[in-house]
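> sharing a model that was predicted from the sequence below.
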Amino acid sequence: MKTTLLFLLIAFSTISLSAADVLPNPVLDVTGKILRSGIDYYVLPVFRGKGGGLTLASTGKEPCPLYVVQEKYEIKNGLPLTFTPIDPKKGVIRVSTDLNIKFSDATKCDQSTTWKVDYDKSLQQYFITSGGVEGNPGPKTLDNWFKIEKYENDYKFMFCPTVCSTCKVICRDVGIFIKDGVQRLALSDVPFKIYTK
């Protein structure tokens with residue numbers, strides 16, 4: 001009886017340890033600290049001399065909607081933003097997991113600052129814009145979910161939502177699309193290499 005009990009105790013502790021091992025790695029900021037939900041961070045390019053951090057801007061004659069763009073000058077950090085996983089109670093931001101990305105500052109537009117993917121028919125390009133819905137994972141919010149992936153020794157954003165098991169999605173890196181001197185975030189084959197601080 002004692003042998004059976006000991007065997008079951010070892011078996012359950014092994015299962016518990018292996019379940020904990022499958023959690024994706026946490027995303028780390030530039031100082032090596034773990035990114036946490038609800039904390040303000042700046043997202044900056046790894047490569048110097050190609051612009052600064054991320055911000056919101058209109059790109060046409062209309063003041064809204066706002067696109068996620070890169071600051072023109074590298075000395076500008078952009079706007080702070082927060083990351084929120086599917087379960088907001090989970091405080092750690094992990095690689096390869098669905099999350100909402102939201103700028104912390106309010107804007108002049110009457111819409112949220114949560115990121116979403118929007119298709120521009122005239123340019124035949126998917127862009128990252130504001131106006132997304134935070135939370136509520138499922139088919140109606142599919143365009144609002146992004147991932148942070150490890151890329152070489154740094155990170156990148158990716159659009160490949162898994163919040164709907166029956167939905168067909170496109171999976172692409174988030175890169176930079178330059179038009180008229182504005183560097184917009186867009187779905188791309190060339191990822192935008194980033195770090196956070």
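Arrived safely. Numbers count the residues shown, from 1 in each chain.

> can you give me the helices for the protein?
Secondary structure of the chain (DSSP state H): helices at 2-21.

> show me where pLDDT drops low in it?
Applying pLDDT under 70 to the chain flags the ranges 1-21.

> now with 50?
1, 3-17 (pLDDT under 50).

> show me the strands in the chain, by range?
Ranges of strands in the chain, per DSSP state E, are 43-45, 54-57, 67-70, 81-85, 99-103, 116-120, 125-129, 147-151, 154-159, 172-179, 182-188, 194-196.

> compare these and report which one is nearest to Asn25.
Taking Cβ to Cβ, strand 147-151 is the member of the strands of the chain nearest to Asn25, at 7.3 Å. Every residue, glycine included, has its C-beta placed from N, CA and C.

> picking up where we left off before, could you export the strands of the chain as TSV, including distance to Thr31 and mean neighbour count?
Shown next, in TSV, are the strands of the chain (distance: least, Cβ to Cβ, whole Å; neighbours: other Cβ atoms under 10 Å):
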stretch	distance to Thr31	mean neighbour count
strand 43-45	13	23
strand 54-57	19	22
strand 67-70	22	24
strand 81-85	17	20
strand 99-103	20	23
strand 116-120	30	18
strand 125-129	26	21
strand 147-151	16	19
strand 154-159	14	21
strand 172-179	23	17
strand 182-188	24	20
strand 194-196	10	19
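
> Val30: which of the ones you listed is closest?
strand 194-196 (4.8 Å).

> from the chain's centroid, how far away is the closest one?
Here strand 194-196 shows a centroid-to-chain-centroid distance of 11 Å under the convention Cα atoms, centre = their mean, to the nearest Å.

> which elements pack onto it?
strand 43-45, strand 154-159 (3 or more Cβ pairs under 8 Å, 6 or more residues apart in numbering; DSSP states H and E).

> change it to 10 Å
Applying 3 or more Cβ pairs under 10 Å, 6 or more residues apart in numbering; DSSP states H and E, we find strand 194-196 packed against strand 43-45, strand 147-151, strand 154-159.

> CSV for the ones you listed, including distance to Leu81?
As requested, the helices and strands packed on strand 194-196 are exported to CSV (distance: least, Cβ to Cβ, whole Å):
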stretch, distance to Leu81
strand 43-45, 7
strand 147-151, 12
strand 154-159, 11
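
> these: which one's closest to Val95?
strand 147-151 (5.4 Å).

> returning to that earlier point: how about the strands of the chain in TSV, adding distance to Thr166?
Putting the strands of the chain into TSV (distance: least, Cβ to Cβ, whole Å) gives the following:
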stretch	distance to Thr166
strand 43-45	32
strand 54-57	32
strand 67-70	28
strand 81-85	21
strand 99-103	21
strand 116-120	19
strand 125-129	21
strand 147-151	19
strand 154-159	18
strand 172-179	20
strand 182-188	22
strand 194-196	31
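
> compare the helices and strands packed on strand 194-196 and give me the one nearest Asn77.
strand 43-45 (6.7 Å).

> listing partners with orientation, what would you give for that closest one?
With DSSP bridges as the test, strand 43-45 is paired with strand 194-196 (antiparallel).
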